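Chemist: generate a structure from the sequence data that follows.
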Amino acid sequence: MAIEFNCPQCGAAIRVPDAAAGAKGSCPTCQTKLLVPQVADPPQQAVPEQPPMPDLTAPPVAPAPLPFDPAQTAHAQVDPAQKFAPPAPPSQFPVQTPAVAPNVFPQAEQAFPQVGGPTDPVQFPGPPSAGTGQPIIPAGSSIAASVRRRSKRKNSGLWFPVLCGAALVSGIGWLYLQQLPSLNGHRTAAFIKNESLPPKIVDKNLVDVSADVRTSVLNHFAENRERLKSQLVETQFTATDAGLEIQILTGSDTRFVRFPIDDDLRTWYGENYDQLESPHSKAVSKALKDFFNDWEVAARNQQGVENFAVYRDSVGLGCSVDGLGFNVCARIDQTLYPCVYEDEGFLYFLLPPSSSKFKVVGARVDGKKSYFPGEYDVTIKAAR
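Modeler: Got it, this is the predicted structure:
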């Protein structure tokens, strides 16, 4: 047999051998110091019936003693035959010691499983397959139900802050996305009647060449206007006191299309100005240096430059746009058309007059992907 009782502090079910009766120990669940209770054996025989009422006229007779069972009382007398038995180990307690209330054990008391000395260990049995020494809690017991309720309450309490945190993150993300500029969607552009746009002036002090080379080239272009025309674009180079003057005109098969820079695109451009302008400035600075050095040799030898068409794009178109126009282009089917001109409010493309729609997409710079991440679907209105 075994002694079964509940911890008075946490209610855990504890089961120990009969030999641990009256021993001190600790609850395996809450570590509360406790005393294993004495459990009486079931009576060996039935309680005798009550004797009949005595005759009051008869002299008094002493009542017969009832059968005595030491296990039925906490104040049983010790058998005289056991007076000379070996003393119990220090951790054993006399059988007449009553149960002690919880939380009154001194801290120095020894905890389970050592309740009967080093040769008499007592362990709380656990599940047969576990062998961990944990108390058995029946699945249908009130203790197990209480543990499940506490676990559910604890888990349900964790859901609320998790849901609140997820909602907060989602809200912040939504607000952030709402504040981002939209670089997609439908836009409208228009053909213009102009065949040329105001010229761009390249400050002569920004050209990284010697003063003699700069003066020689600017004097040549001041006296000789150089033109380079193709089906796409015509580029003219002249010079003024301020520097090199570049003018973009329509090609033989193209017309100017003006694309408006809306608030979203302008905001994005301002936020990413350095990333857009840095590659543009480096490319134009190198192209201008090569352009002036080649034209100084050509002017001195009184001949033209063989790779003039290359400078039409790198210098002519490169100096006519800023960082935004340098990083975008128009796409019709699989054909790309560079941005040829940029001012404060518009981007300009040279497209075939029969065009009715195109896309504004990122343009590769030196073989690298453009910084521009958007894509506009553009409808072209009639000329005005």
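Chemist: going by residue numbers, what spans are strands in the stretch 101-250 of the chain?
Modeler: With DSSP state E, counting those that start in this stretch as the criterion, the stretch 101-250 of the chain has strands at 184-191, 200-203, 226-229, 233-239, 243-250.
Chemist: of the ones you listed, which is nearest C10?
Modeler: strand 184-191 (62.5 Å; C-beta to C-beta). (Each C-beta comes from the backbone N, C-alpha and C, glycine too.)
Chemist: for that closest one, list every residue counted as buried.
Modeler: By neighbour count with 16 or more other C-beta atoms under 10 Å, strand 184-191 contains the buried residues 189-191.
Chemist: in CSV: those residues, plus distance to A19.
Modeler: CSV is the format used below for the buried residues of strand 184-191 (distance: C-beta to C-beta, whole Å):
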residue, distance to A19
A189, 98
A190, 102
F191, 105
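Chemist: pLDDT wise, what is the nearest residue to V209 once chain neighbours are set aside at?
Modeler: Nearest residue to V209 in three dimensions, chain neighbours excluded: F292, at 4.7 Å (C-beta to C-beta, 6 or more residues apart in numbering). On the pLDDT scale, F292 is placed at 96.
Chemist: just to revisit the earlier point, out of the strands of the stretch 101-250 of the chain, nearest to G345?
Modeler: strand 184-191 (12.6 Å).
Chemist: ok, that closest one: who's next to it in the sheet?
Modeler: Take DSSP bridges as the rule and strand 184-191 pairs in its sheet with strand 255-260 (antiparallel), strand 375-381 (parallel).
Chemist: can I get those strands in JSON lines with mean pLDDT, mean neighbour count and distance to T215?
Modeler: Shown next, in JSON lines, are the strands paired with strand 184-191 (pLDDT from 0 to 100; neighbours: other C-beta atoms under 10 Å; distance: least, C-beta to C-beta, whole Å):
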{"stretch": "strand 255-260", "mean pLDDT": "97", "mean neighbour count": "21", "distance to T215": "34"}
{"stretch": "strand 375-381", "mean pLDDT": "96", "mean neighbour count": "16", "distance to T215": "44"}
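Chemist: wait, which of the buried residues of strand 184-191 is closest to P181?
Modeler: A189 (18.6 Å).
Chemist: circling back to that earlier point, redo the strands paired with strand 184-191 as TSV? Include distance to V365.
Modeler: Listed next are the strands paired with strand 184-191 as TSV, based on distance: least, C-beta to C-beta, whole Å:
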stretch	distance to V365
strand 255-260	19
strand 375-381	17
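Chemist: please name the nearest non-neighbouring residue to G362.
Modeler: Leaving aside its sequence neighbours, G362 sits nearest to S370 (C-beta to C-beta, 6+ apart; 2.9 Å).
Chemist: list the buried residues in whichever helix or strand I3 is part of.
Modeler: Take DSSP states H and E as the rule and I3 turns out to sit in strand 2-6. Neighbour counts using 16+ other C-beta under 10 Å place 3, 5 of strand 2-6 among the buried residues.
Chemist: any chance you could list what contacts it?
Modeler: Defining contact as C-beta atoms under 8 Å, 6 or more residues apart in numbering, one finds that strand 2-6 is touched by 12-18, 20-21, 36-37, 39, 143.
Chemist: strand partners of that strand, parallel vs antiparallel please.
Modeler: Next to strand 2-6 in the sheet, as set by DSSP bridges, lie strand 13-17 (antiparallel).
Chemist: good, we can wrap up now.
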